[in-house]
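Asks: Return atomic coordinates for the entry below.
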Amino acid sequence: MVKVNVGGCSSFVKDAEYQKYVQKALDAFDVLDSESGAGNDFLGWKTLPVDIPESLIADCEAIRDDWSAKGVDLVVVIGIGGSYLGARCAIEALSHGFVRKPGVPQIVFAGNNLSEDYLAELMDLARTRNTACVVISKSGTTTEPAVAFRIVKEYIEKTYGKAEAAVRIVAITDAKKGALKTLATQEGYKTFVVPDNVGGRYSVLTPVGILPIVLAGFDMRAMLKGAAEEREALLVKSADNGAVQYAAMRNLLYRELGKKVEILVTFNPKLQYLGEWWKQLYGESEGKEGRGIFPASVVCTTDLHSMGQFIQEGDRVMFETTVTVENAAREVVIGSDEQNLDQLNYLAGQRVEHCNKMAQLGTKLAHIDGGVPQMEVSVEKLDEASLGALFYFFEFACGISAYVLGINPFNQPGVEAYKKNMFALLRKPGYEKQTEEILKRI
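Replies: Next comes the predicted model:
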């Protein structure tokens, strides 16, 4: 379902070099396929598309139906990083940009920042709506979601009572341990499990993503089917395997040409959060030991009017991967105007998407001329199946690419550094020594 085109890099690399990196990627494929590499205890994501039981989706749909019967029209999904980005990506991509689907709650996200204004405004909204909550945390003690949940939980309990709150709060957490699991057991919350062998950034096809996507009214079975079909295609070891091609070319550009920045480009604003999800996936998987390609993203044509100048003529440290949706879901035709003051009559009768496609092609050619290699990842249309395929494609390719790079794709040791400083500055018990040391520095 996902097609890969590396032809936009051909003027920058020699075929012999590319074939050398294809072989490196095929060797990395073997490591991933045999589950013999670093981090192999976090490979549960590989079989998720075919492992998710029908009963899990049915349980999610039962919560959706129960909340609908209660008139719930706002669901606050609390989580950070992989605990929200995949679900937000899917919901933003599949939703109408301006009109909420009748009978479906609005899904809003919290716990992904520590902005007081953000939380205050979210609670302003909650007070005007019929509210429920999904809280996602393996431990229940990660600061950002824990702060948000404490505030939202208190509001729901005061507004609806403790007994009703217990059916308006669902926890997605560890199977056996952790603060959130303990609280869920005490309060009687419905719970779903974050699998031990699936890291957060690979968890979109677990209950972490499934429940919010189902609550938003979308077809999770179709998404899993699309992911399963993509999995079947990617499990074939071949130089024509799209994940092998993508991993090979990006590593070649990085190692041989010094291209240290990859920009994920989309010409469909519905895919803005695909870029955000992808940035965590690749940044957290590859950015270690002084190595890794820096992941960035733009939405075009919008960002051609802000970032376009730098991409065209700035420091030549980047390459682009464009995610293309081949067929738009809607049709809008440009009309004719008698005065033609805007000089657009030459486009009369053309679809807006035709203009978008020509802008994309023109941008590709201009950026190649400007020294920016181009890859393209494409799907036929933007629906649940295609998103499932994209999620699985990028996850699988990430595993291969990181093994080519020679690092563990499934750990993230560096994310703890800021937390230790933050806890010390907040004077968290147990951090007294660090508080004393850090205060000397500031």
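
Asks: quick one: contacts for residue 376?
Replies: 3-5, 8, 321-324 (Cβ atoms under 8 Å, 6 or more residues apart in numbering). C-beta: built from backbone N, CA, C; applies to glycine.

Asks: Which residue ranges of this protein form strands?
Replies: Assigned by DSSP state E, the chain shows strands spanning 3-5, 74-78, 106-110, 131-136, 169-173, 190-193, 261-266, 294-299, 318-325, 374-379.

Asks: For those strands, could you give me JSON lines that also reports distance to residue 432 and mean pLDDT?
Replies: Below are these laid out as JSON lines (distance: least, Cβ to Cβ, whole Å; pLDDT from 0 to 100):
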{"stretch": "strand 3-5", "distance to residue 432": "53", "mean pLDDT": "98"}
{"stretch": "strand 74-78", "distance to residue 432": "30", "mean pLDDT": "98"}
{"stretch": "strand 106-110", "distance to residue 432": "31", "mean pLDDT": "98"}
{"stretch": "strand 131-136", "distance to residue 432": "30", "mean pLDDT": "98"}
{"stretch": "strand 169-173", "distance to residue 432": "30", "mean pLDDT": "98"}
{"stretch": "strand 190-193", "distance to residue 432": "35", "mean pLDDT": "98"}
{"stretch": "strand 261-266", "distance to residue 432": "41", "mean pLDDT": "98"}
{"stretch": "strand 294-299", "distance to residue 432": "36", "mean pLDDT": "98"}
{"stretch": "strand 318-325", "distance to residue 432": "45", "mean pLDDT": "98"}
{"stretch": "strand 374-379", "distance to residue 432": "50", "mean pLDDT": "98"}
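
Asks: closest one to residue 341 among those?
Replies: strand 294-299 (28.8 Å; Cβ to Cβ).

Asks: Which strands border that closest one, and is each parallel or antiparallel?
Replies: Using DSSP bridges, strand 294-299 pairs in its sheet with strand 261-266 (parallel).

Asks: on that earlier part again, so which of the contacts of residue 376 is the closest to residue 387?
Replies: Looking across the contacts of residue 376 and measuring by Cβ to Cβ, the closest to residue 387 is residue 323, at 10.9 Å.

Asks: Provide a list of residues in contact with that closest one.
Replies: Going by Cβ under 8 Å, 6+ apart, residue 323 touches 264-266, 271, 274, 376-379, 390.

Asks: for those residues, which one is nearest residue 131?
Replies: For the contacts of residue 323, the nearest to residue 131 is residue 274 (27.9 Å; Cβ to Cβ).

Asks: these two touch, right, residue 242 and residue 396?
Replies: No: using Cβ atoms under 8 Å, residue 242 is not in contact with residue 396, being 9.1 Å away.

Asks: Need the strands of the chain in a markdown table (columns: distance to residue 348).
Replies: Shown next, in a markdown table, are the strands of the chain (distance: least, Cβ to Cβ, whole Å):
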| stretch | distance to residue 348 |
| --- | --- |
| strand 3-5 | 32 |
| strand 74-78 | 43 |
| strand 106-110 | 38 |
| strand 131-136 | 48 |
| strand 169-173 | 51 |
| strand 190-193 | 53 |
| strand 261-266 | 27 |
| strand 294-299 | 27 |
| strand 318-325 | 25 |
| strand 374-379 | 29 |
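
Asks: which one of those lies closest to residue 418?
Replies: strand 294-299 (18.0 Å).

Asks: from the contacts of residue 376, which would you call buried?
Replies: 4-5, 8, 321-324 (16 or more other Cβ atoms under 10 Å).

Asks: As JSON lines, these with distance to residue 81 would be great.
Replies: As requested, the buried ones among the contacts of residue 376 are exported to JSON lines (distance: Cβ to Cβ, whole Å):
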{"residue": "4", "distance to residue 81": "27"}
{"residue": "5", "distance to residue 81": "30"}
{"residue": "8", "distance to residue 81": "31"}
{"residue": "321", "distance to residue 81": "22"}
{"residue": "322", "distance to residue 81": "25"}
{"residue": "323", "distance to residue 81": "21"}
{"residue": "324", "distance to residue 81": "27"}
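
Asks: Local confidence estimate at residue 426?
Replies: Note on residue 426: pLDDT of 79.

Asks: Return the backbone torsion pair for residue 138.
Replies: phi -60, psi -40 (degrees, to the nearest 10).

Asks: right, and it touches residue 178 too?
Replies: Yes: between residue 138 and residue 178 there is a contact at 6.4 Å, judged by Cβ under 8 Å.

Asks: Looking only at neighbour counts, state which of these two leads.
Replies: Between residue 138 and residue 178, residue 138 has the larger neighbour count (other Cβ atoms under 10 Å), namely 23 against 18.

Asks: Which residue comes closest to residue 422 once chain neighbours are left out?
Replies: residue 143 (7.1 Å; Cβ to Cβ, 6 or more residues apart in numbering).

Asks: and the residue most central in space within the chain, what is it in contact with?
Replies: Closest to where the C-alpha atoms of the chain average out (Cα atoms, centre = their mean) is residue 277, at 2.1 Å. Residue 277 is in contact with 85-86, 88-89, 204, 391, counting by Cβ under 8 Å, 6+ apart.

Asks: the helices in the stretch 51-200 of the chain, which residues?
Replies: 54-69, 85-94, 116-126, 143-160, 162-168, 179-187 (DSSP state H, counting those that start in this stretch).

Asks: Of the ones you listed, which is nearest residue 299?
Replies: helix 85-94 (11.4 Å).

Asks: ok, residue 322 touching residue 271?
Replies: No: using Cβ under 8 Å, residue 322 makes no contact with residue 271, being 10.5 Å away.

Asks: If you count surrounding residues, which of residue 242 and residue 396 has more?
Replies: The neighbour count for residue 242 versus residue 396, taken as other Cβ under 10 Å, is higher for residue 396 (27 against 22).

Asks: How confident was the prediction at the more buried one?
Replies: 98.

Asks: now residue 417
Replies: 76.

Asks: Quick check: pLDDT value at residue 104.
Replies: Residue 104 is given a pLDDT of 96.

Asks: mind listing what it touches?
Replies: By Cβ under 8 Å, 6+ apart, residue 104 lies in contact with 215-217.

Asks: Relative to residue 288, how far out is the closest residue to residue 188 other than its chain neighbours?
Replies: Closest residue to residue 188 apart from its sequence neighbours, by Cβ to Cβ, 6+ apart: residue 166 at 4.5 Å. Using Cβ to Cβ, to the nearest Å, residue 166 is found at 41 Å from residue 288.

Asks: Residues in contact with both of residue 242 and residue 396, list them for me.
Replies: Shared contacts of residue 242 and residue 396, counting by Cβ under 8 Å, 6+ apart, come down to residue 234.

Asks: From residue 432, how far off is residue 122?
Replies: As judged by Cβ to Cβ, residue 122 and residue 432 stand 33 Å apart.
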